[in-house]
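Visitor: the amino acid sequence is not available; the structure is as follows:
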């Protein structure tokens, strides 16, 4: 129940507070922004295979993009591969310091992970790291839940 409360709180903050997602990494690179938006839209539409391919292609060119890493982690949550999801999320958190975002939309993936859609090619005012940290906490809780059920 505590986890659902955290998710609810984050969603309310994202809706009511000034929105953010984009970074210096996307500035001047509309192709990256277009790919981040396209991949999120595919994820939200349930087209996981297509979204996964786009995120993987983003990471080939921008291997440290924390937004792509986070959202790929969300896809692994949907696939119930929580260990792989956790690996991507931890890598995303490591790369997130200083990555400011302007969040346009948030997708709740199976009540376990949040994926984020960029809003504009500009610096946002929301730090991505705490959002990724929340995702890590949610995935770890899901893993612990699975271990208790064994």
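Guide: Yep, that arrived. Just so you know, these numbers come straight off a predicted model, no measurement behind them.
Visitor: please count neighbours and contacts with C-alpha atoms only from this point.
Guide: Fine.
Visitor: output the below-cut-off pLDDT ranges for the protein.
Guide: Within the chain, the stretches with pLDDT under 70 are 1-30, 120-125, 149-150.
Visitor: ranges for the strands of it?
Guide: Ranges of strands within the chain are 100-101, 103-109, 113-118, 126-127, based on DSSP state E.
Visitor: show me how far the second one is from its chain's centre.
Guide: Spelled out, that is strand 103-109. 8 Å (C-alpha atoms, centre = their mean, to the nearest Å).
Visitor: out of the strands of the chain, flag the one nearest residue 139.
Guide: Taking C-alpha to C-alpha, strand 113-118 is the member of those nearest to residue 139, at 6.9 Å.
Visitor: tell me what the longest helix anywhere in the chain is packed against?
Guide: The helix spanning the most residues in the chain, taking DSSP state H as the definition, is helix 128-148. Packed against helix 128-148 by the contact rule (3 or more C-alpha pairs under 8 Å, 6 or more residues apart in numbering; DSSP states H and E) you find helix 2-16, helix 66-78, helix 82-95, strand 113-118.
Visitor: what angle separates it from helix 66-78?
Guide: Computed by axes from the mean of the first three to the mean of the last three C-alpha atoms, to 10 degrees, the angle separating helix 128-148 from helix 66-78 equals 20 degrees.
Visitor: how about helix 128-148: buried residues?
Guide: Residues of helix 128-148 classed as buried: 128-129, 131-140, 142-143 (neighbour count, 16 or more other C-alpha atoms under 10 Å).
Visitor: residue 118: neighbour count?
Guide: By the measure other C-alpha atoms under 10 Å, the count of residues near residue 118 is 26.
Visitor: now it: how far from residue 79?
Guide: Using C-alpha to C-alpha, to the nearest Å, we find residue 118 at a distance of 23 Å from residue 79.
Visitor: same thing with residue 72?
Guide: Separation of residue 72 from residue 79 (C-alpha to C-alpha) stands at 11 Å.
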